[in-house]
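>>> model this:
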Amino acid sequence: MSRLHIHPETHLVDRIGWLRAAVLGANDGIVSTASLIVGVAAASSNTSEVLLAGVAGLVAGAMSMAAGEYVSVSSQSDTEAADLARERRELASQPEFERRELADIYVKRGLDDDLALKVADQLIAKDALGAHARDELGISEVTTARPVQAALTSAATFAVGAALPLAMVLLSPTEWLVPAVSIAALVFLALLGAIGAKTGGANIIRATMRVTFWGAFAMGLTAAIGALVGKAI
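Take a look at the predicted model:
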């Protein structure tokens with residue numbers, strides 16, 4: 001029995017598609033909704049107005065994330081499809097040039113010319129387009145664009161992230177609303193950074209500090225603007 005059957009491997013990069021969308025959605029949900037709540041609360045002491053603004057931010061943000069992710073990832077998917085179509089045409093019209101091109105890629109990676117040509121011939125015989133997609137274009141099953149997955153993941157995680165600071169509006173006394181939402185949001189962001197780093201195999205402390213710092217900056221800036229606007233009005 002081969003070592004591959006004894007020790008199957010699951011690489012963390014396999015999670016990159018949905019993990020990026022999930023972390024982005026949850027982070028935006030927490031930061032944008034908490035910032036909105038803090039900004040409105042700094043300008044108004046009416047809890048119902050703050051809650052209404054937060055709910056509107058959740059709904060609008062989730063829809064915006066879904067649409068934005070779908071459009072942007074669809075553009076990536078369209079580009080990949082166009083590159084594959086062009087590569088398919090080139091394989092049909094100039095196979096020897098494409099063979100040499102693939103071999104040159106392997107030479108640059110360290111193979112000698114004869115071995116590179118043998119490797120290219122065997123890969124072309126099995127799946128010419130797949131070999132060029134992977135080694136020339138950098139397109140693989142792991143990195144390929146999935147618009148629907150990205151859109152749904154971002155919208156769902158945004159809504160979950162936004163619901164956390166919204167819950168604090170319901171649980172906190174009016175006079176403690178701004179500090180309670182701010183502190184809770186920073187705690188949620190720290191947890192999100194740690195979970196995302198753990199899932200992706202990254203440095204937990206660095207990821208946690210990064211997401212917490214920028215979240216605090218966004219909320220502080222929004223609260224300052226809200227306070228200024230509230231005084232002006």
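>>> Can you give the distance of the single longest helix found in the chain from its chain's centre?
Secondary structure of the chain per DSSP state H: the longest helix is helix 47-93. The chain centre lies 11 Å from the centre of helix 47-93; the measure is C-alpha atoms, centre = their mean, to the nearest Å.
>>> Show me where the protein dips below the pLDDT cut-off.
1-21, 44-45, 140-145, 200-201, 222-223, 226-227, 229-233 (pLDDT under 70).
>>> Show me the contact partners of stretch 112-129.
With contact meaning C-beta atoms under 8 Å, 6 or more residues apart in numbering, stretch 112-129 is reached by 84, 87-88, 91, 95, 98-99, 102-104, 106-107, 111, 130-131. Using the backbone N, CA and C atoms, a C-beta is placed for each residue, glycine as well.
>>> Among those, which are located in helices?
Judged by DSSP H, the subset of the contacts of stretch 112-129 located in helices is 84, 87-88, 91, 95, 98-99, 102-104, 106-107, 130-131.
>>> Check the secondary structure at the nearest residue to residue 215 once chain neighbours are set aside for me.
Spatial nearest neighbour of residue 215, excluding adjacent residues (C-beta to C-beta, 6 or more residues apart in numbering): residue 189 at 4.3 Å. Here residue 189 takes the helix state, with states given by DSSP: H, G, I helix; E, B strand; the rest coil.
>>> Does residue 189 touch residue 30 like I think?
Yes. Between residue 189 and residue 30 a contact is recorded at 5.6 Å, counting by C-beta atoms under 8 Å.
>>> overlap in contacts of these two?
residue 215.
>>> hang on, the earlier thing: of the ones in helices among the contacts of stretch 112-129, which count as buried by neighbour count?
Burial by neighbour count, judged by 16 or more other C-beta atoms under 10 Å, picks out 84, 87, 91, 98-99, 102-103, 106-107, 131 from the ones in helices among the contacts of stretch 112-129.
>>> Could you let me know which of these ends up closest to residue 64?
Closest approach to residue 64 among those (C-beta to C-beta): residue 84, at 30.2 Å.
>>> Tell me the backbone dihedrals of residue 136, please.
Backbone torsions for residue 136, taken as degrees, to the nearest 10, come to phi -100, psi -40.
>>> CA atoms only for stretch 80-96, dumped as CSV, please.
Only the C-alpha atoms of stretch 80-96 are listed here, as CSV (Å, rounded to 0.1, in the frame of the first residue of the first chain):
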residue,chain,number,x,y,z
GLU,A,80,-10.9,32.5,-16.6
ALA,A,81,-13.4,31.2,-19.1
ALA,A,82,-12.0,33.6,-21.8
ASP,A,83,-8.4,32.5,-21.1
LEU,A,84,-9.4,28.8,-21.3
ALA,A,85,-11.2,29.4,-24.6
ARG,A,86,-8.2,31.1,-26.1
GLU,A,87,-5.9,28.3,-24.8
ARG,A,88,-8.2,25.7,-26.3
ARG,A,89,-7.9,27.5,-29.7
GLU,A,90,-4.2,27.7,-29.5
LEU,A,91,-3.8,24.0,-28.6
ALA,A,92,-5.8,23.2,-31.7
SER,A,93,-4.0,25.6,-34.1
GLN,A,94,-0.4,25.4,-32.9
PRO,A,95,0.1,22.3,-30.7
GLU,A,96,3.9,22.2,-31.1
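>>> Residue 199 is in what secondary structure piece?
Under the criterion of DSSP states H and E, residue 199 resides in helix 177-200.
>>> Name the residues that touch that helix?
Contacts to helix 177-200, defined as C-beta under 8 Å, 6+ apart, come from residues 12, 15-16, 19, 22-23, 26-27, 30-31, 34, 37-38, 41-42, 47, 50, 161, 164-165, 168-169, 171-173, 202-204, 206-212, 215-216, 219, 223.
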